[in-house]
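Engineer: starting from these lines, generate the structure:
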Amino acid sequence: MITELWNKYKSLIMYVVFGALTTVVNMGAYYVSYNLLHIPNVPSAAIAWILAVAFAFVTNKLWVFDSPSFDAQTLKHEIPTFFGARIATGVLDVVIMYLAVDVAHMNPTVWKLISNVLVIIINYVASKLIIFRKKSE
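Structural biologist: Presented below is the predicted three-dimensional model:
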């Protein structure tokens, strides 16, 4: 029974685990950039996004969606779709941070967390249905 549940929900469970770790990378990079290095909000959000996306590609490809192939045909599909989706959600993240922090003067840490939750949900759907979709699905 546990094996059945694991097989059925493995990608979701692994995505939650690596999504949490990606959030830690994103939030940590943002915190260091914004609070310790005093880099302005939007560049800090962009730096955090770049580091989180690099981490997410490797973990999603290898451990979440079991796509271990690095052949040219596979990468021709995965790289542009992954990074394209992440650019779209990265822009969403920066817009949310700009509106919440720079325009509305709300708490940057709270809004970074809210933004990350939205981005993680959108990225899972894109990864599952488009980017790392198994050919048999």
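Engineer: for the chain, just list every one of the helices.
Structural biologist: Counting by DSSP state H, one finds helices in the chain at the ranges 2-31, 41-59, 72-97, 108-126.
Engineer: tell me which of these is the most buried.
Structural biologist: Of all the helices of the chain, helix 41-59 has the most neighbours on average by mean count of other CB atoms under 10 Å, namely a mean of 19. No exception for glycine: its C-beta is placed from N, CA and C like everyone else's.
Engineer: what is it packed up against?
Structural biologist: Counting by 3 or more CB pairs under 8 Å, 6 or more residues apart in numbering; DSSP states H and E, the packing neighbours recorded for helix 41-59 are helix 2-31, helix 72-97, helix 108-126.
Engineer: same list, those, but as a markdown table with mean pLDDT and distance to residue 47 please.
Structural biologist: Written out in a markdown table, the entries for the helices and strands packed on helix 41-59 read as follows (pLDDT from 0 to 100; distance: least, CB to CB, whole Å):
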| stretch | mean pLDDT | distance to residue 47 |
| --- | --- | --- |
| helix 2-31 | 92 | 6 |
| helix 72-97 | 93 | 11 |
| helix 108-126 | 92 | 12 |
